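K.L.:
Sequence first, then the predicted structure, then my questions.
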Amino acid sequence: VCISKCLPQCSVTVIADKFTPNTTSDVAAGILIPHPYPDTPIGLQKRWFQETFSYLLTICNSAEAADAGIHLLSGWQICQTAPEEKFPFWADVVLGFRIMTEAELEKFPEHHFGQAFTTLKCDSQRYLRWLESRLRGLGHQMEDRKITDLWELHGHYDVIVNCSGLGARTLVGDSELYPVRGQVLKVQAPWVTHFIRVGDGSTYIYPGMCSVTLGGTRQKDDWRLSVDSTTSQDILNRCCTLEPSLKKAYGITEYVGLRPTRSAIRVEKEMLLRNGSQLPVVHNYGHGGGGFSVHWGTAQEATHLVEELIVPLQGSLAKAKL
Ligand SMILES: Cc1cc2nc3c(=O)[nH]c(=O)nc-3n(C[C@H](O)[C@H](O)[C@H](O)COP(=O)(O)OP(=O)(O)OC[C@H]3O[C@@H](n4cnc5c(N)ncnc54)[C@H](O)[C@@H]3O)c2cc1C
Ligand SMILES: O=C([O-])CC(=O)C(=O)O
């Protein structure tokens, strides 16, 4: 969508073996809170988060908000003790960031420090459907197909943009990429209207448009996509400790996703060479537990790289194909 918006001279084909509602992104709570990428400079992480926040806030303030599944959400991030950094780098990006008052903390007797702020939340499936419909509306293509080797695409497209998430581990042999398994519950509890997140991201409660997402787990190198019912009960117990009214939650469904994790998000150009031929690729994967939080910023970065690669094609009459 970002490429089609910024480079309208390009035609875009999205090739994937899974589309919504069957991707990792469909499982996400969709909250905008940055996640750490130790080897991505903080300045860049902040820029990507800021760009994503501004872009989604504009949609949120428009008539498109409900169709796109974007809404504002206020709440608390709580810690047992105060962290070294009371004001994180993203404090001035979210809205109304402040330290919680003693009165607010009374709700959480085991937590003695907290941050209150308003952020954005995407209803993952609605947002993905909306993105797809925008692409289709602009006349671009969707193709349901597994790619085993990027060279299959050689000769058919001018530039390949690799957004294959965890799939990049086999598709481009990136052994730095690993799964961090996450299990969440979606429940009906329309009376819960504030988010609550334990600072390390171990437990969270995110009210959304259609359900409340309860999490979570962070299981490194665990490839199991099946639901673990003991884990679901544990998630529910942890969330009920923070928000006892969730004992009355109903309509519980369970989901698992594998966060495509590496120490830095990979957004870079690569010119693949084989038998004297070139295949220009822009990588954009490895968003771990924060793909929603930085997706538009990284998409813009990838789009700039695509732009650099298509400059030499501009002279030709052909429309660039991606
Ligand atoms: C439980 C959980 C909760 C989360 N909550 C949040 C949150 O609240 N906020 C947040 O910011 N982030 C959250 N995340 C993280 C977020 O979901 C990920 O960062 C994001 O989904 C990654 O998106 P992606 O497009 O890179 O990968 P995916 O959504 O996995 O998409 C990859 C696509 O590539 C395709 N593909 C891969 N390999 C191939 C191939 N060889 N051939 C064809 N197609 C291929 C797949 O079919 C798929 O369509 C959460 C993740 C989990 C698991
Ligand atoms: O950590 C959170 O608050 C939600 C999330 O992004 C995840 O589970 O990956």
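P.N.:
The structure has been received and is ready for your questions. Ligands and ions are numbered 1, 2, ... in the order given.
K.L.:
residues near Ser245, how many?
P.N.:
When neighbours are defined as other CB atoms under 10 Å, Ser245 has 10 of them. For every residue, glycine as well, the C-beta is placed using N, CA and C.
K.L.:
Quick check, it in contact with Val192.
P.N.:
Yes. In terms of CB atoms under 8 Å, Ser245 counts as a neighbour of Val192; the distance is 6.6 Å.
K.L.:
Nearest residue to Pro38 in space, please, no chain neighbours.
P.N.:
Distance criterion CB to CB, 6 or more residues apart in numbering; nearest residue to Pro38, sequence neighbours excluded, is Ser263 at 5.1 Å.
K.L.:
actually Leu242, sorry about that
P.N.:
Residue nearest to Leu242 in three dimensions, not counting chain neighbours: Ile196, with 5.1 Å by CB to CB, 6+ apart.
K.L.:
what about that neighbour, neighbour count?
P.N.:
For Ile196, the tally of surrounding residues (other CB under 10 Å) stands at 22.
K.L.:
In contact with the residue nearest to Pro38, which residues?
P.N.:
Under the criterion of CB atoms under 8 Å, 6 or more residues apart in numbering, the contact list for Ser263 reads Tyr37, Pro38, Asp39, Glu176.
K.L.:
for Ile78, same thing?
P.N.:
Applying CB under 8 Å, 6+ apart to Ile78 gives the contacts Met100, Leu105, Phe108, His111, Phe113, Gly114, Ile196, Arg197, Val198, Gly199, Leu242.
K.L.:
Where does pLDDT dip in the protein?
P.N.:
Residue ranges of the chain with pLDDT under 70: 315-319.
K.L.:
who wins for neighbours among the contacts of Ser263?
P.N.:
With neighbours taken as other CB under 10 Å, the top of the contacts of Ser263 is Tyr37, carrying 22 neighbours.
K.L.:
Pull stretch 44-61 out as PDB, backbone CA atoms only.
P.N.:
Included here for stretch 44-61 are C-alpha records, laid out as PDB according to Å, rounded to 0.1, in the frame of the first residue of the first chain:
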ATOM      1  CA  LEU A  44      15.600   5.000  13.800                       C
ATOM      2  CA  GLN A  45      13.200   3.000  16.000                       C
ATOM      3  CA  LYS A  46      11.700   6.300  17.200                       C
ATOM      4  CA  ARG A  47      11.300   7.600  13.700                       C
ATOM      5  CA  TRP A  48       9.600   4.500  12.500                       C
ATOM      6  CA  PHE A  49       7.300   4.500  15.500                       C
ATOM      7  CA  GLN A  50       6.600   8.200  15.100                       C
ATOM      8  CA  GLU A  51       5.800   7.900  11.400                       C
ATOM      9  CA  THR A  52       3.500   4.900  12.000                       C
ATOM     10  CA  PHE A  53       1.700   6.700  14.900                       C
ATOM     11  CA  SER A  54       1.100   9.900  12.800                       C
ATOM     12  CA  TYR A  55      -0.100   7.900   9.800                       C
ATOM     13  CA  LEU A  56      -2.600   5.800  11.800                       C
ATOM     14  CA  LEU A  57      -3.700   8.800  13.900                       C
ATOM     15  CA  THR A  58      -4.700  10.600  10.600                       C
ATOM     16  CA  ILE A  59      -6.800   7.500   9.700                       C
ATOM     17  CA  CYS A  60      -8.200   7.400  13.200                       C
ATOM     18  CA  ASN A  61      -9.300  11.000  12.900                       C
END
